[in-house]
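In: Structure, please.
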Amino acid sequence: MEYKLIVSIYAAVVSTIVFIWRLYEFYIDRRTKFNIKLKRNTKIPVSANYKFGESQTFLTTTIINIGKPKRHIEQPIFKANKKVDGQEFFNFLSLENVIKYPVTLDSGEKFEYEVTNDVIEELKTKGITKIKAIVRDTHGKSYESKWFEI
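Out: The predicted structure is shown next:
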């Protein structure tokens, strides 16, 4: 075999591998990905003269778009580990803090959804010990957080 044939076969194999890798990168970069986390958060209000107010505890759902394309999300829904009144899924409705959905998230942008600790204590009285956040984008794809112990 001539060395020209060996070099041309090697070049064809390398170029095919590079082509497949670029297709893979193209597909992965354009996939939608959300990072969804639930956490307890304590906030302490501070007045202009640096006087501390009474602290409040919140359950915060953080949604981060870690994909490249811009995505629109609908209101988060929550799943409990136990059915209450025959329902497994529920929403938190806040009349003070009205958010217009769908919310647009650019690449790397974060959205936080908060409810007071009183709601969580009410869930505990109903026997719920774990919840999970579920977010749907406007394309109908669902994304879930891990189970959160309340």
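
In: Tell me which residue lies nearest the centroid of the chain.
Out: Ile36 (2.7 Å; Cα atoms, centre = their mean).

In: Now it. Nearest residue, chain neighbours left out?
Out: Excluding its sequence neighbours, the residue lying closest to Ile36 (Cβ to Cβ, 6 or more residues apart in numbering) is Ser145, at 3.9 Å. From N, CA and C alone the C-beta is placed, and that goes for glycine too.

In: what's the answer for Thr57, then?
Out: Asn117 (3.8 Å).

In: I'd like the distance between that neighbour and Thr42.
Out: Relative to Thr42, Asn117 is positioned 9 Å away (Cβ to Cβ, to the nearest Å).

In: Looking at these two now, which is surrounded by more residues?
Out: Asn117 (15 against 9; other Cβ atoms under 10 Å).

In: who's in contact with the helix or strand of the chain with the lowest mean pLDDT?
Out: Least confident helix or strand of the chain, by mean pLDDT, DSSP states H and E, is helix 117-125 with a mean of 86. Residues outside helix 117-125 that contact it (Cβ atoms under 8 Å, 6 or more residues apart in numbering): 40, 56-59, 80, 92, 131, 150.

In: just stretch 97-110 next, same as before
Out: 62-75, 111, 113-114, 138.

In: In terms of pLDDT, where does Met1 sit?
Out: The score at Met1 is 67. That number is its pLDDT.

In: overlap in contacts of Asn117 and Thr42?
Out: Common neighbours of Asn117 and Thr42 (Cβ under 8 Å, 6+ apart) are 56-58.

In: Which of these fall in helices?
Out: In helices, judged by DSSP state H, none of these are found.

In: out of these, which is most surrounded?
Out: Using other Cβ under 10 Å as the neighbour test, the shared contacts of Asn117 and Thr42 are led by Phe58, with 18 neighbours.

In: Can you verify my assumption that it contacts Ser94?
Out: No: taking Cβ atoms under 8 Å as the definition, Phe58 is not a contact partner of Ser94, at 11.1 Å.
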